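>>> Structure here, sequence nowhere to be found:
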DNA sequence: CGTTACGTTGAAAGGGTTCAATCCCTGTGG
DNA sequence: CCACAGGGATTGAACCCTTTCAACGTAACG
């Protein structure tokens, strides 16, 4: 286990994301086995594709650092943004069912990933039930995420959507052990607007309002939350939030 | 295979939905095995639940006749309609990952289903790879469906949403071998509106307009399509549609 | 045959989009 | 190091689509 590569790139067992990434809940020996199949390639540069629609499915990607945008194009050629993935998220399950990816996944930032070849992962999952469970759980997370997205689009107005999105991001950082009231979010307002089904202008106006009301400030890819209570209230979330569930 | 029950209730091998339901592509002997585990209970009455959020996952349901609505409630208690299932559709996969259902599934009409206990289905799937493939394929269909829904909510205006929905329903009937320009749709306009993220009033107005323009008529749960071309055009779908893909 | 829930229609209000102009940041090249 | 270009962000004003509220029709059910 003391490979040379470990000196340069974290192995699963000493990775800071162990608690939320695929290894969660696995035994040390199992993690080491998982570690063996992980292919740690050089980071993707900004605007590089992890995979594209129609490409043959071969790998699941665990994001170690950076951010990824998932998107497709509508019949009329407009971009549809389906979601964003941050460090600790696992992407690529959309390719599982039909052996080919159904989204485009692009790096929004310099993004390093742990590439897990699916045939090897599947073999391992047969031997390690906990791992199988982890894979199922990641898929479940994705489905829940999609549902929240629909709910946002169906029921919420622009203010609520923006507030909900920012709050959700904060929770994701919190669950990863990072500061939840101040973080880098390398997402263009344009992409953010597309995800919420709004125009960039509307998003800009709402962010300006939130800023003037000292609720949040999102400028130059840096987010600061000044008033959590107000943000949650606008987002339409229950006041008394015990832990804050994750859906990312 | 000549059981008494077959005299009353179709077996898989002589079911008219064989071409689109779970047995698709299976060998005759495999279908007979599948048939053995199918539990054909008396039909659900209107407004009866097939399952509810949080209920322990135990079965997949293939709809033989009738219609089912999938829905949840938002934090603020509003109903969110996630989709509708018609004869030939397979529901219940939402329960697969975490061993409990994540939607409410309610019969919109008298609905008869083929109940497939999942433990038995899973056992069988191990022995019949084609069956396993069918299960994956049904999940994939569901995910595609959800994506179309998001796309509809993000990009389309009310006219387009209504037209797209009706067109989609027509395609589903066409793929089942039924008339695609005239069919029964036991969906309340209210539920339809919720699904599209619109108000019942807006839907009513748009249907009235479509009716006055001799495009479609949807009254008393009966849909008639008079002008396919116009409908597709409004829905924002490409003019030259060869087969019409399914997403239900 | 009445009650209840769903559907329709109208008018008014509001929220988000659209379009256009301007600003600002980032990266590029001289 | 500075000037310039280009994409994204911001801001304003007008418009338009959808919602809202309210009243009325109508179908379904006991």
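Yes, it's here. None of these values were measured; they are calculated from a predicted model.

>>> who touches residue A:12 in this structure?
Residue A:12 is in contact with A:18, A:21-23, A:31-32, A:34-35, A:38, A:114, counting by C-beta atoms under 8 Å, 6 or more residues apart in numbering or on different chains. Just so you know, the C-beta spots here come from the backbone N, C-alpha and C atoms, and that holds for glycine as well.

>>> Also residue A:94?
By C-beta under 8 Å, 6+ apart, the neighbours of residue A:94 are A:70, A:101-103, A:142, B:143.

>>> If you count neighbours, what's buried in the helix or strand where residue A:148 lies?
Using DSSP states H and E, residue A:148 falls within helix A:129-155. Buried positions in helix A:129-155, judged by neighbour count with 16 or more other C-beta atoms under 10 Å in any protein chain shown: A:131, A:133-135, A:137-155.

>>> Does DNA strand C have contacts with the helix or strand following that helix?
Next helix or strand after helix A:129-155 toward the C-terminus (DSSP H and E): helix A:158-175. Yes - with C-beta under 7 Å from any atom of the strand as the criterion, DNA strand C is reached by helix A:158-175 at A:158-159.

>>> Save the contacts of residue A:94 as CSV, and put in distance to residue A:172 and pLDDT too.
Compiled in CSV, the contacts of residue A:94 are given as follows (distance: C-beta to C-beta, whole Å; pLDDT from 0 to 100):
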residue, distance to residue A:172, pLDDT
A:70, 15, 95
A:101, 23, 94
A:102, 23, 92
A:103, 19, 93
A:142, 14, 86
B:143, 22, 86
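
>>> Contacting chain B as well, which ones from the buried residues of helix A:129-155?
Among those, the residues within reach of chain B (C-beta under 8 Å from any C-beta of the partner chain) are A:137, A:139-140, A:143-144, A:146-147, A:149-151, A:153-155.

>>> what about the residue nearest the centre of chain A, distance to DNA strand C?
What sits nearest the mean C-alpha location of chain A, by C-alpha atoms, centre = their mean, is residue A:85, with 2.1 Å. Using C-beta to the nearest atom of the strand, to the nearest Å, residue A:85 is found at 22 Å from DNA strand C.

>>> Next: residue A:36.
Taking C-beta to the nearest atom of the strand as the measure, residue A:36 falls 37 Å from DNA strand C.

>>> got a pLDDT number for that residue?
Residue A:36 carries a pLDDT value of 85.

>>> moving C-terminal of the helix or strand bottoming out on mean pLDDT in chain A, what's the next helix or strand?
Across the helices and strands of chain A, mean pLDDT, DSSP states H and E gives its lowest value to helix A:5-8, namely a mean of 43. Using DSSP H and E, the helix or strand that follows helix A:5-8 in sequence is helix A:28-37.

>>> who does that following helix touch, helix- and strand-wise?
Applying 3 or more C-beta pairs under 8 Å, 6 or more residues apart in numbering or on different chains; DSSP states H and E, we find helix A:28-37 packed against strand A:112-117, helix A:118-127, helix A:129-155.

>>> out of these, nearest to residue B:47?
helix A:129-155 (22.3 Å; C-beta to C-beta).

>>> check whether that closest one contacts DNA strand C.
No - Helix A:129-155 stays clear of DNA strand C (C-beta under 7 Å from any atom of the strand), getting no nearer than 10.7 Å.

>>> what helices or strands is that helix leaning on?
Using 3+ C-beta pairs under 8 Å, 6+ apart, helix A:129-155 is in contact with helix A:28-37, strand A:79-86, helix A:118-127, helix A:158-175, helix A:189-196, strand B:79-86, helix B:129-155.

>>> Check the separation of the first and last residues in stretch A:69-86.
9 Å (C-alpha to C-alpha, to the nearest Å).

>>> Do any residues in it lie close to DNA strand D?
No - counting by C-beta under 7 Å from any atom of the strand, no contacts exist between stretch A:69-86 and DNA strand D, the nearest distance being 10.7 Å.

>>> Could you pull out the buried residues of that stretch?
Within stretch A:69-86, the residues that count as buried by 16+ other C-beta under 10 Å are A:69-72, A:80-86.

>>> what's the neighbour count on residue A:213?
For residue A:213, the neighbour count with other C-beta atoms under 10 Å in any protein chain shown is 12.

>>> Could you check how far residue A:131 is from residue A:57?
18 Å (C-beta to C-beta, to the nearest Å).

>>> For residue A:99, grab the count of nearby residues.
11.

>>> That one touches residue A:54, doesn't it?
No - in this structure residue A:99 lies outside contact range of residue A:54 using C-beta atoms under 8 Å: 10.8 Å.

>>> Not including adjacent chain positions, what is the nearest residue to residue A:203?
Spatially, and ignoring its direct neighbours in sequence, residue A:203 is nearest to residue A:193 (4.4 Å; C-beta to C-beta, 6 or more residues apart in numbering or on different chains).

>>> Which pLDDT value belongs to the one you found?
Taking residue A:193 on its own, its pLDDT is 97.

>>> Settle this for me: it is touching residue A:206, isn't it.
No - Residue A:193 lies out of contact with residue A:206 (C-beta under 8 Å); the separation is 9.9 Å.

>>> can you list the residues of chain A near DNA strand C?
Close to DNA strand C, as judged by C-beta under 7 Å from any atom of the strand, chain A has residues A:157-159, A:197-199, A:201-202, A:205, A:220.

>>> so, if you compare those, which one comes nearest to DNA strand D?
residue A:201 (4.1 Å; C-beta to the nearest atom of the strand).

>>> Dump the helices and strands packed on helix A:28-37 into TSV; add distance to residue B:174 as well.
What follows is the helices and strands packed on helix A:28-37, written out as TSV (distance: least, C-beta to C-beta, whole Å):
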stretch	distance to residue B:174
strand A:112-117	40
helix A:118-127	35
helix A:129-155	26
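
>>> and which of the buried residues of stretch A:69-86 is nearest to residue B:167?
Nearest to residue B:167 among those, counting by C-beta to C-beta, is residue A:80 at 18.6 Å.

>>> got the contact list for the closest one?
A:71-74, A:194, B:150-151, B:154-155.

>>> Can you name the two of those that sit furthest apart?
A:73 and B:150 (13.4 Å).

>>> gap between residue A:108 and DNA strand C?
Taking C-beta to the nearest atom of the strand, one finds residue A:108 at 13 Å from DNA strand C.

>>> count of residues packed around that residue?
For residue A:108, using other C-beta under 10 Å, the count is 21.

>>> tell me the contacts of it?
When contacts are counted by C-beta under 8 Å, 6+ apart, residue A:108 touches A:46, A:66-69, A:84, A:186-188, A:191.

>>> now do 10 Å
Applying C-beta atoms under 10 Å, 6 or more residues apart in numbering or on different chains to residue A:108 gives the contacts A:44, A:46-47, A:66-69, A:84-86, A:185-188, A:191, A:221.
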